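Visitor: this is a predicted model, with the sequence first.
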Amino acid sequence: MTGAEARRPDYDLIVLGAGPAGENVADYATQHGVRAAIVESELVGGECSYWACMPSKALLRSGHAIRAARRLAGAREAVGGAVDAAAVLARRTSFTSDWKDDGQVAWLDSAGIDLIRGRGRIAGTGLVRVDDRVYSARAVALATGSVPILPDIPGLAAAAPWGTREATAADHVPARLVVIGGGVAGVELAFAFASLGSRVTLLARTGLLDREEPFVGDHLAAALAEEGVDVRLGVTPARVDRDTDGLVTVVLDDGTRLVAEELLSATGGRPNTDDLGLESVGLDPGAGLTVDETMLVDGTDWLYAVGDVNGRALLTHQGKYQARAAGEAIAARLQGRPVADELWGRHAASADQLAVPRVVFSDPEVASVGLSEARARERGLHVRAVEYDLGQVAGAALHADDYAGRAKLVVDEDRGVIVGATFVGQDVAELLHAATIAIVGEVTIERLWHAVPAYPTISEIWLRLLETYGRPPGRRPLDA
Ligand SMILES: Cc1cc2nc3c(=O)[nH]c(=O)nc-3n(C[C@H](O)[C@H](O)[C@H](O)COP(=O)(O)OP(=O)(O)OC[C@H]3O[C@@H](n4cnc5c(N)ncnc54)[C@H](O)[C@@H]3O)c2cc1C
Ligand SMILES: NC(=O)c1ccc[n+]([C@@H]2O[C@H](COP(=O)([O-])OP(=O)(O)OC[C@H]3O[C@@H](n4cnc5c(N)ncnc54)[C@H](O)[C@@H]3O)[C@@H](O)[C@H]2O)c1
């Protein structure tokens with residue numbers, strides 16, 4: 001063996017974490033001939049497949065279908081009784097493959113990616129320790145996700161609350177459930193458990209989803225109340241206790257006492273940089289990881305951070321998008337090819353800054369992309385916003401009796417393009433991609449008037465919003 005061969009690293013790329021982000025970094029690099037291994041300490045597929053996106057959506061879907069039928073004269077008469085909770089839990093379990101990862105392991109194998117089971121830790125530049133073995137690689141990508149934040153409420157930790165894992169993997173429906181957190185997870189799981197038969201109380205210290213347009217929280221609070229959820233805004237738990245019978249008591253800051261069989265803490269997550277050995281390469285684990293547009297960690301030329309762990313956008317689709325950019329950038333750098341990391345370049349995750357699509361699978365759904373009006377103004381953009389009542393659109397009125405919803409566009413007046421869009425209403429999630437394309441493509445308002453929505457679809461909201469905005473003067477036909 002020559003000296004050069006002896007020094008050949010074990011892999012070109014080692015990825016820590018086989019969630020959606022990690023799988024995609026490895027896949028996109030491997031497609032370019034990179035030799036990759038992925039280290040996973042739990043299940044290949046990550047949080048999304050087993051304890052987040054998939055099971056939570058499965059818990060929600062049956063209740064949505066029943067409510068959709070109940071909104072239609074002629075259909076509502078055919079729908080009697082409540083959701084069959086046991087059947088919903090069983091359907092949820094099938095979507096998690098019963099918390100087994102054989103299918104995803106087979107996919108890794110078919111993609112030519114080696115799987116190393118165990119907990120990975122950086123052990124120096126290009127080195128990863130798993131148990132007592134150290135592997136070497138030319139590049140390493142951290143894709144270790146995020147971990148829930150448990151608020152510092154007296155008695156909470158000792159009361160063993162559910163986190164989102166326990167809620168999405170529940171094997172029973174508690175008679176009463178208190179949810180702490182008015183964010184996406186709190187709202188979705190409050191809907192899910194209410195439609196499964198729990199008496200749910202939702203506690204939010206401010207409003208619901210308060211980083212979105214203000215009308216979003218109003219619509220959700222009304223719909224949750226209609227579903228029987230006791231929504232309490234502007235409250236904070238002061239103390240939590242679980243008694244010997246297993247009942248949980250939550251005392252609010254105004255002195256109110258709530259008693260329930262279970263308590264769910266859904267108060268956000270933080271990047272999972274715990275015990276990753278970052279200090280071994282001079283990085284401060286407490287400082288978080290800052291990355292460039294190719295997900296390369298600042299101050300390094302070999303370490304990448306992709307998905308929730310970099311804190312840019314804690315969503316599966318955005319982590320996978322970053323992973324496509326990073327996987328191809330890693331391959332290009334290792335193979336000495338140019339890297340296109342300019343705005344909207346092949347190897348840059350530019351949409352993270354400008355067009356992150358977000359869907360809350362509540363009922364009504366909330367679908368938004370880009371900037372809210374408030375965020376756009378904070379960024380110093382000169383914007384004008386228009387809103388419209390979705391219930392006034394013919395397609396929506398046909399879709400559900402008494403359809404309730406609202407939509408909003410935020411327009412950058414200097415460039416004449418949309419920078420944000422929000423839709424609230426039944427089945428609006430599928431409207432969102434049109435808005436994402438308009439923002440990413442920087443389609444001008446003038447040109448959007450030529451994108452004709454079919455009649456009578458809910459997409460006619462686009463025409464109504466454009467009419468509310470007003471048609472720009474444009475060019476006279478003979479100038480064309
Ligand atoms: C209740 C809930 C519902 C959600 N619903 C949606 C949704 O509908 N749509 C959406 O887009 N997003 C949703 N999300 C967010 C989504 O789950 C995350 O954004 C996504 O899972 C992040 O992917 P990731 O690959 O970065 O991390 P993860 O999916 O968390 O994967 C990280 C992997 O790394 C492994 N790991 C960690 N440390 C190590 C280590 N040291 N060595 C080896 N392996 C390690 C973990 O075991 C895990 O498998 C939801 C989140 C929650 C909590
Ligand atoms: N459909 C989806 O895409 C989806 C669904 C669920 C979760 N997620 C993602 O999973 C992650 C976790 O979701 P989440 O809803 O937990 O996070 P979040 O950040 O959206 O919401 C956290 C909520 O908890 C509240 N909170 C925080 N600390 C609190 C405290 N001490 N007391 C009371 N309230 C407190 C916040 O005010 C906020 O309303 C997010 O990144 C989210 O984007 C996505």
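Guide: Noted; the coordinates are in hand. Ligands and ions are numbered 1, 2, ... in the order given.
Visitor: wait, what's in contact with the residue positioned nearest the centre of the chain?
Guide: By Cα atoms, centre = their mean, the chain has its centre lying nearest to residue 315, at 2.9 Å. By Cβ atoms under 8 Å, 6 or more residues apart in numbering, the contact set of residue 315 is 356, 358. All C-beta spots, glycine's among them, are computed from the backbone N, C-alpha and C.
Visitor: that one and ligand 1, how far apart?
Guide: According to Cβ to the nearest ligand atom, to the nearest Å, residue 315 stands 4 Å off from ligand 1.
Visitor: count of residues packed around the residue of the chain found nearest ligand 2?
Guide: Ranked by Cβ to the nearest ligand atom, the top residue of the chain for proximity to ligand 2 is residue 183, at 1.9 Å. Around residue 183 there are 17 other residues, counting by other Cβ atoms under 10 Å.
Visitor: same question, the one 4 residues further on
Guide: Taking other Cβ under 10 Å as the criterion, the count of residues near residue 187 is 29.
Visitor: give the contact list for it.
Guide: 202, 208, 209, 220, 224, 360, 362.
Visitor: ditto for residue 351
Guide: 318, 321, 440.
Visitor: make it 10 Å
Guide: 313, 317-318, 321-322, 325, 344, 357, 369-370, 436, 439-440 (Cβ atoms under 10 Å, 6 or more residues apart in numbering).
Visitor: if we can go back for a sec, a markdown table for the contacts of residue 187, including distance to residue 30?
Guide: Listed next are these as a markdown table, based on distance: Cβ to Cβ, whole Å:
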| residue | distance to residue 30 |
| --- | --- |
| 202 | 44 |
| 208 | 42 |
| 209 | 38 |
| 220 | 42 |
| 224 | 44 |
| 360 | 34 |
| 362 | 37 |
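Visitor: now residue 264: how far from ligand 1?
Guide: To ligand 1, residue 264 is 10 Å away according to Cβ to the nearest ligand atom.
Visitor: that residue: which element?
Guide: strand 262-265 (DSSP states H and E).
Visitor: one step back: tell me the spacing between the residue of the chain closest to ligand 2 and residue 316.
Guide: 16 Å (Cβ to Cβ, to the nearest Å).
Visitor: got the residues of the stretch 51-200 of the chain near ligand 2?
Guide: 151, 180, 181, 182, 183, 184, 185, 186, 188 (Cβ under 6 Å from any ligand atom).
Visitor: tally up the residues packed near the fourth one, please.
Guide: Looking back up the chat, that one is residue 182. Count around residue 182 with other Cβ under 10 Å applied: 28.
Visitor: and if you look at the second one?
Guide: Around residue 180 there are 25 other residues, counting by other Cβ under 10 Å.
Visitor: who's it bridged to?
Guide: As for beta bridges, residue 180 partners with residue 203, residue 265 under DSSP bridges.
Visitor: measure it to residue 438 for me?
Guide: 37 Å.
Visitor: please apply the same query to the fourth one.
Guide: Look at residue 182 and residue 438: by Cβ to Cβ, they are 29 Å apart.
Visitor: and the third one, by the same measure?
Guide: When Cβ to Cβ is applied, the distance between residue 181 and residue 438 equals 32 Å.
Visitor: list the buried ones in the helix or strand hosting residue 461?
Guide: Here residue 461, judged by DSSP H and E, is contained in helix 461-469. Neighbour-count burial for helix 461-469, counted by 16 or more other Cβ atoms under 10 Å, picks out 461, 462, 463, 464, 465, 466, 469.
Visitor: run a quick neighbour tally on the closest residue in space to the third one that isn't next to it in sequence.
Guide: It stands for residue 463. Spatially, and ignoring its direct neighbours in sequence, residue 463 is nearest to residue 453 (5.7 Å; Cβ to Cβ, 6 or more residues apart in numbering). The local packing of residue 453 (other Cβ under 10 Å) involves 18 other residues.
Visitor: go on, residue 248?
Guide: Neighbour count for residue 248, taken as other Cβ under 10 Å: 24.
Visitor: same check, this time on the one 10 residues further on
Guide: Other residues near residue 258 come to 19 when the count uses other Cβ under 10 Å.
Visitor: doesn't it belong to a strand?
Guide: Yes: the assignment for residue 258 by DSSP: H, G, I helix; E, B strand; the rest coil puts it in a strand.
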